[in-house]
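>>> Sequence first, predicted coordinates after that:
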Amino acid sequence: MPIATVPTTPFPDQRPGTSGLRKKVTVFQQAHYLENFVQAIFDVLPDRQGKTLILGGDGRYYNREAIQIILRMAAANGWGRVLVGRDGLLSTPAVSALIRRNLAHGGIILSASHNPGGPDHDFGIKYNVSNGGPAPESVTEAIWARSKRIDRYYIVTGVPEVDLGILGSSHCGEMVVEVIDPVQNYAELMESLFDFDALSRLLRGPFRMRFDALHAITGPYAHEILERRLGAPAGTVVHGEPLPDFGGAHPDPNLVYAKELADALLTGEELDFGAASDGDGDRNMILGRGIFVTPSDSLAVLAAGATCIPAYRQGLSGVARSMPTSQAVDAVAQRLGIPHYETPTGWKFFGNLLDAGAITFCGEESFGTGSNHVREKDGLWAVLAWLSILAARGQGVAEILTQHWRDHGRHYYTRHDYEDLPAEVGADLMAAVTHQLPVLSGQKLAGREVRLADDFAYTDPVDGSHSLHQGIRILFDDGSRLIFRLSGTGTSGATLRIYHETPVADVQRQLQNPQRVLQDLIRLGRELCRLEALSGRTQPTVIT
Ligand code: G6P
Ligand code: ZN
């Protein structure tokens, strides 16, 4: 088997972000760019020889080309076997499940998640480790360090392309390549967690739902699980065919980018439930008739109702949320008498807690919810979990949510994003708040007293690792919070995110407009970072 050693020189910009390396397709198409990064991954995995790797992506533009290159590099780097999804497709949670099921050494996922796809848009690559979760920071930093010194990569030459359209085994050099059904293992896993008979009764009855796959990876999964296995009427899944450019849209399940679905539920079409997922299938958005469920509330409702799902009948060992996620789930944990944890943004921080059995459910405000069944957030899992609660309670989404608020208090919450800022402006806005941290504590602001103001740092309770600078927190004496962070997932410029939260126990004040309830905190947030003076902005580009 001819293995070429190709000389190369480092690229300075291959530091993985919150979730892998994301760049414009044109950046990845530069000679050696993808190869350098893949070799950097392989170089930090010295024990990969003869092991199994899972490989797939969300089908976005450049997916197929990248898969052929990675297969030939994997063969040249001594991997024993690669399981690759048919047509190069695998959702992020499906990769996580496959790593665990096959005791694989790791997996490579090709996706830029919810970022748009196409020749002028984004591509991405991330590595997941043997527990099925995103590589921890120690690994991603090692990959970055390696990428800065790389001077060669290995690739098999003179072998035909692997036919990704046909299921079955073949060889690439000496390495075994198995093209697998992308959906089957994942669908079986879902059947093992949920009561498919109960869900099927719900979906075959008068209940009407719509799942919008946004022309991204969850289409095939949702068709199979919701329509074929559970018997929901054909047409329940819309935009179910993955397209390389996601139909020109933005595969991000929120009120802005999944507007068609949101309009259908919020303006009174005859639908009881709506859900959407993102490019790679790990995010979810939940809607009921006339109501949007914030991801923070969604996590809290699922935690409170978990025991109606067979896999969680014994109860939850604990729950975790990322720091900017609202404290709604904390209130549930307190009532259940189980531990709750606060981690930095990024699913990888849940991995150790899940592995240690410290938590069963976790979630993030960024439309991520999941459990210990995999080590990624899981969009369709969240949909099935919600359907389970709806089926068990025989209530609608709005009833369940308002009852939840009555029982646990409502955590009014909104996130304001200021996108496409020049990178230096983003840094200046954060610095403006950081400079005030030493004097904020004890001050009276927006009608509340500041209890604590800090730059959030995290010590992992399992392995003791420290993560610094994970966002600015301002905590008030009434439980309100104001949080500032720069996005870690963009491919150019900066996005400032300001998160606002205030808990309201009084049932009489639980049905108000969050933007109105939070207006003082919103104004304060803009003042503290000197938004208008430093950026010229007065309004966010996205509100969720
Ligand atoms: C990815 C990660 C999430 C994280 C999110 C944060 O989606 O998988 O775990 O919450 O990025 O994105 P941001 O743009 O706020 O850094
Ligand atoms: Zn995603």
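Arrived safely, thanks for sending. Ligands and ions are numbered 1, 2, ... in the order given.

>>> Contact residues of the stretch 1-150 of the chain facing ligand 2?
Ser113 (C-beta under 5 Å from the ion). C-beta here means a position set from N, CA and C on the backbone, and glycine is covered the same way.

>>> Now do the strands in the stretch 1-150 of the chain.
With DSSP state E, counting those that start in this stretch as the definition, the stretch 1-150 of the chain shows strands at residue ranges 3-7, 21-24, 52-57, 81-89, 106-110, 122-128.

>>> Now Leu452. Nearest residue, chain neighbours left out?
In space, not counting the residues next to it along the chain, Leu452 is nearest to Leu475; the distance is 4.5 Å by C-beta to C-beta, 6 or more residues apart in numbering.

>>> element containing that neighbour?
Under the criterion of DSSP states H and E, Leu475 resides in strand 472-476.

>>> Show me what whichever helix or strand comes after that strand pairs with in its sheet, parallel or antiparallel.
Next along the chain after strand 472-476, taking DSSP H and E as the criterion, comes strand 481-486. Applying DSSP bridges, strand 481-486 is found paired with strand 472-476 (antiparallel), strand 494-504 (antiparallel).

>>> What parts of the chain come near ligand 2?
So far as C-beta under 5 Å from the ion goes, the chain lies against ligand 2 at 113, 278, 280, 282-283.

>>> Using pLDDT, spot the least trustworthy of those residues.
Within the residues of the chain next to ligand 2, Ser113 has the lowest pLDDT, namely 93.

>>> That residue: how many residues sit nearby?
Around Ser113 there are 26 other residues, counting by other C-beta atoms under 10 Å.

>>> Also Leu193?
17.

>>> That one and Val374: what is the separation?
Leu193 sits 10 Å away from Val374, taking C-beta to C-beta, to the nearest Å as the criterion.

>>> hey, what's in contact with both of these two?
Shared contacts of Leu193 and Val374 (C-beta atoms under 8 Å, 6 or more residues apart in numbering): Trp381.

>>> if I look at the nearest residue to Leu421 once chain neighbours are set aside, how far off is Glu241?
In this structure, Leu421 finds its nearest non-sequential neighbour in Ala494, 4.6 Å apart by C-beta to C-beta, 6+ apart. Ala494 sits 34 Å away from Glu241 when distances are taken as C-beta to C-beta.

>>> who's more crowded, these two?
Taking other C-beta under 10 Å, Ala494 and Glu241 do not tie; Ala494 has more neighbours (21 against 13).

>>> Surely that one and Leu534 touch.
No - at 11.7 Å, Ala494 does not count as touching Leu534 under the criterion of C-beta atoms under 8 Å.

>>> Now do the shared contacts for the two.
Val425.

>>> quick one on the thing from earlier: and the residues of the chain next to ligand 2 as TSV, adding secondary structure and distance to ligand 1?
Shown next, in TSV, are these (DSSP: H, G, I helix; E, B strand; the rest coil; distance: C-beta to the nearest ligand atom, whole Å):
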residue	secondary structure	distance to ligand 1
Ser113	coil	5
Asp278	coil	8
Asp280	coil	9
Asp282	coil	7
Arg283	strand	7
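
>>> Show me the two of these that sit farthest apart.
For the residues of the chain next to ligand 2, the maximum inter-member distance is 8.3 Å, found between Asp280 and Arg283 (C-beta to C-beta).

>>> Overlap in contacts, those two.
Common neighbours of Asp280 and Arg283 (C-beta under 8 Å, 6+ apart) are Ser113.

>>> more neighbours, these two?
The neighbour count for Asp280 versus Arg283, taken as other C-beta under 10 Å, is higher for Asp280 (32 against 28).

>>> pLDDT on the strand holding Leu475, on average?
Strand 472-476 carries an average pLDDT of 98.

>>> who touches it?
Outside strand 472-476, the residues that touch it by C-beta under 8 Å, 6+ apart are 323, 430, 433-434, 437, 440, 445-446, 448-456, 481-485, 528.

>>> Could you confirm whether it reaches ligand 1?
No - if you take C-beta under 6 Å from any ligand atom as the test, strand 472-476 misses ligand 1, and the best it gets is 13.8 Å.

>>> swap in stretch 487-496?
Yes - for stretch 487-496, a contact with ligand 1 is found by C-beta under 6 Å from any ligand atom, at 487-489.

>>> of these, buried ones?
Buried members of those, scored by 16 or more other C-beta atoms under 10 Å, are 487, 489.

>>> Just give me the closest of the residues of stretch 487-496 next to ligand 1 to Val256.
Once C-beta to C-beta is applied, the member of the residues of stretch 487-496 next to ligand 1 that ends up nearest Val256 is Ser487, at 15.0 Å.

>>> For Pro422, see how far away the residue lying closest to the closest one once chain neighbours are set aside is.
Nearest non-adjacent residue to Ser487, counting by C-beta to C-beta, 6+ apart: Thr495, 3.9 Å away. According to C-beta to C-beta, Thr495 and Pro422 sit 11 Å apart.

>>> residues in contact with the residue nearest to Ser487?
417-421, 426, 486-487.

>>> quick one: which of the residues you listed sit in strands?
Among the contacts of Thr495, DSSP state E puts 417-421, 486 in strands.

>>> May I see the PyMOL selection of the buried members of those residues?
Filtering those down to the buried ones (16+ other C-beta under 10 Å) takes a single PyMOL command:
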select buried, resi 417+418+421+486
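
>>> Quickly name whichever of the ones in strands among the contacts of Thr495 is closest to ligand 1.
Leu486 (7.7 Å; C-beta to the nearest ligand atom).

>>> I'd assumed Ile498 was in contact with that closest one.
No - with contact defined as C-beta under 8 Å, Leu486 does not reach Ile498; the gap is 10.8 Å.

>>> rewinding a little: tell me the one of the contacts of Thr495 nearest Glu174?
Nearest to Glu174 among the contacts of Thr495 is Ser487, at 42.3 Å by C-beta to C-beta.

>>> coming back round to it: pLDDT score for the residue nearest to Ser487?
97.

>>> With Thr491 instead?
71.

>>> How about exporting the regular element (helix or strand) spanning Arg516 as CSV, limited to the C-alpha atoms?
Assignment of secondary structure by DSSP H and E places Arg516 within helix 514-517. What follows is helix 514-517 as a C-alpha-only set of coordinates in CSV (Å, rounded to 0.1, in the frame of the first residue of the first chain):
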residue,chain,number,x,y,z
PRO,A,514,-40.1,38.5,28.9
GLN,A,515,-38.8,41.5,27.0
ARG,A,516,-40.9,43.8,29.2
VAL,A,517,-40.2,42.1,32.5
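
>>> The closest residue in space to Val84 that isn't next to it in sequence bridge partners, please.
In this structure, Val84 finds its nearest non-sequential neighbour in Leu55, 4.5 Å apart by C-beta to C-beta, 6+ apart. On the basis of DSSP bridges, Leu55 is bridged to Val84, Ile108.

>>> Next, count neighbours for Leu55.
Quick note: Leu55 (other C-beta under 10 Å) scores 25 neighbours.

>>> Would you agree it is in contact with Leu83?
Yes - the criterion here is C-beta under 8 Å, and Leu55 meets it with Leu83 at 7.1 Å.

>>> Look at Ala255 and give its secondary structure.
Not Ala; residue 255 is Leu. coil (DSSP: H, G, I helix; E, B strand; the rest coil).

>>> and the closest residue to ligand 2 within the chain, how far is that from Gly536?
Residue nearest to ligand 2 within the chain (C-beta to the ion): Ser113, separated by 3.2 Å. Going from Ser113 to Gly536 by C-beta to C-beta gives 29 Å.
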